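Undergrad: Quick one: sequence plus predicted model below, questions after.
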Amino acid sequence: MADHALKVNGLQKSFGKNYVLRGIDVTLEPGSVTVLMGANGAGKSTLVKVICGHHRADGGTMMLAGAAFAPEDAADAIQQGVVTVHQSIDDGVIPDLDVANNLMLDRLVERGHGLFVRERHLRDEAAKVASAMGIDVNLRARVSDLSVADRQMIAIARAMARAPKVLILDEPTSSLSATEADRLFALIDRLREQGVAILYISHRMSDIRRIADRIIVMRDGAISGSFDSKPLDYEAAVTAMLGHRMTEVDVAVNSGTVPVLELSNLTLFPNATPINLQARDGEVVALVGLLGSGKSRLAEILFGRARAVSGTMRINGADYAPSSVEDAVARGVYMSPKDRGTNAVIPAFDIADNMTLPFLKGLSVGSFLDARRQKNRSQEMVSQLGIVCQTVGDGIGTLSGGNQQKVMIARWLLEPAQVLLLDEPFQGVDIGARRDIGRHIRATAQGRATLVFLAEIDEALEIADRIVVMNEGAIVGEHTNQNVDLAALVADISGAKSTQTGTYS
């Protein structure tokens, strides 16, 4: 019997002249968790899509449990024992069906099942699956009514009902709180004991420290590092991912001048520790924390979408308590939201209309839009941010995800802000676009306070002058981005107490 679950040798894939996979070698062993790390654009998603049958490889071979493996499509991969739970949780469940039907759906559509379903038998079988996976939910509950964590568990349980040899989990904790993530990790431990080979895609330190048996790293379509000696060297893995040490970033720290934004005893949630924070003119402050840390709540309060429990805010010395988004914008507080697809991009608009949407009044003469002025301003931002397009009249949907994100950032850089809020500005962009965005944010920081809300440490280290860590609605650490003590920073984010002293000089 083969001692590996999946063996990939020399895998190659290109799209036109763009070589995305360059001779990938990966081996997944039964009962082990292999973490796959890589920056945006490294080739992780393409590798997974080849393994699970969405793409055909241009070269190389794959072996599954000792037999040749070249799936025709995703259904063929699943049939042979390779199952993927995608980052979009609802890809793995049917939200309008109840839990029992979701867990048993694949058996219901099998050939020879028959036209009629015995309700009691279905629920008994679903209960067995749920029990085996340690899932305790109401089997009659509609999946769309469940928490994100419960939907995630059901998606994984449904995948396990297919008895896979290989389970691929794509950023499974991206939408989970720390407590919910612990439930997922307990489930992964159970699957490991059952002999399942797990490929876990993430570069979240807390995840990797908890569950990884091995780390493999991709950069520019190739394997740039493999780490299996205990304890796993996370910092070396990040260096392999980025091509430089996390703390070796080209940031000339600007401590800012006068305070622009001042938060005094601001309480985000009932019973949370009040926040006191200053953000100064010319300074870029990164607020980092896990899901549920309170950073998104703080962004909503600053942008007029929510109210603080108590405390005060001031901008340039004047009281600030926005009653709405319109009120915040009128005071010069602009925000680029996290989910551009849901909260920012207008698909029917072209690039110029998307970019200038909040400021059309200033680009108009009376009730008529000055189209030439709109076009010129838009073109200026296209040039400054390096947005790749034919003209600013192109539809926004013709752009790549990274270029769409640049348009959304450009929208809020079009007019001078007092306070600029950027919620996950690098989400869904490759590392090149990320650095373009980061450079422009820093280059234009003078004259405003800039707050960037991030989940990933490497992104914070690339853009910030100061890193402020949040946990449970409170500020638990502050690090000047110079000679950062990485262990102390990680401990602050995870909520663990560090025995080391941070250096912020």
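TA: Received the coordinates, thanks.

Undergrad: Just give me the neighbour total for the residue nearest to residue 139 when sequence neighbours are not counted.
TA: Computed as CB to CB, 6 or more residues apart in numbering, the closest residue to residue 139 that is not its neighbour in sequence is residue 100, at 4.2 Å. In this view, the C-beta of every residue, glycine as well, is placed from N, C-alpha and C. A total of 22 residues lie near residue 100 under the criterion other CB atoms under 10 Å.

Undergrad: Contacts only, for residue 100.
TA: The neighbours of residue 100, taking CB atoms under 8 Å, 6 or more residues apart in numbering as the test, are 122, 123, 126, 127, 139, 140.

Undergrad: List the buried residues in the strand or helix carrying residue 375.
TA: For residue 375, the element it lies in under DSSP states H and E is helix 371-385. Neighbour-count burial for helix 371-385 flags 374, 375, 377, 378, 379, 381, 382, 385 (criterion: 16 or more other CB atoms under 10 Å).

Undergrad: thinking again about what came up before, going through the contacts of residue 100, which ones are buried?
TA: Buried residues within the contacts of residue 100, defined by neighbour count using 16+ other CB under 10 Å: 122, 123, 126, 139.

Undergrad: neighbours around residue 391, how many?
TA: For residue 391, the tally of surrounding residues (other CB under 10 Å) stands at 12.

Undergrad: got a list of what the closest residue to it other than its chain neighbours touches?
TA: If you skip the residues right next to it in sequence, residue 391 has residue 351 as its closest partner in space, 7.9 Å away by CB to CB, 6+ apart. When contacts are counted by CB under 8 Å, 6+ apart, residue 351 is found next to 378, 382, 387, 389, 391, 392, 393, 394, 395, 396, 399, 407.

Undergrad: can you pull the contacts of the fourth one?
TA: What it means is residue 389. Taking CB under 8 Å, 6+ apart as the definition, contacts of residue 389 comprise 351, 382, 398, 399, 403.

Undergrad: so which two of the residues you listed are the farthest from each other?
TA: When the contacts of residue 389 are compared pair by pair using CB to CB, the two farthest from each other are 382 and 398, 13.3 Å apart.

Undergrad: And the lowest mean pLDDT element among the helices and strands of this protein?
TA: Within the chain, no helix or strand scores below helix 340-343, which has a mean of 59 by mean pLDDT, DSSP states H and E.

Undergrad: Show me the contacts of residue 100 that map onto strands.
TA: With strands identified by DSSP state E, none of the entries of these belong to them.

Undergrad: Name the SS class of the residue nearest to residue 139, please.
TA: Reducing the assignment at residue 100 to three states with DSSP: H, G, I helix; E, B strand; the rest coil gives helix.

Undergrad: now it: how far from residue 127?
TA: With the distance defined as CB to CB, to the nearest Å, residue 100 ends up 8 Å from residue 127.

Undergrad: hey, what's in contact with both of those two?
TA: Listed contacts common to residue 100 and residue 127 are residue 139; contacts here mean CB under 8 Å, 6+ apart.

Undergrad: Now residue 283: closest residue in space that isn't a chain neighbour?
TA: residue 256 (3.2 Å).

Undergrad: Wasn't that neighbour part of a helix?
TA: No - assigned with three-state DSSP, residue 256 falls outside any helix and is coil.

Undergrad: helix or strand right after the helix holding residue 375?
TA: Counting by DSSP H and E, the next helix or strand C-terminal to helix 371-385 is helix 401-413.

Undergrad: In that following helix, which residues are buried?
TA: Neighbour counts using 16+ other CB under 10 Å place 402, 403, 404, 405, 406, 407, 408, 409, 410, 411, 412, 413 of helix 401-413 among the buried residues.
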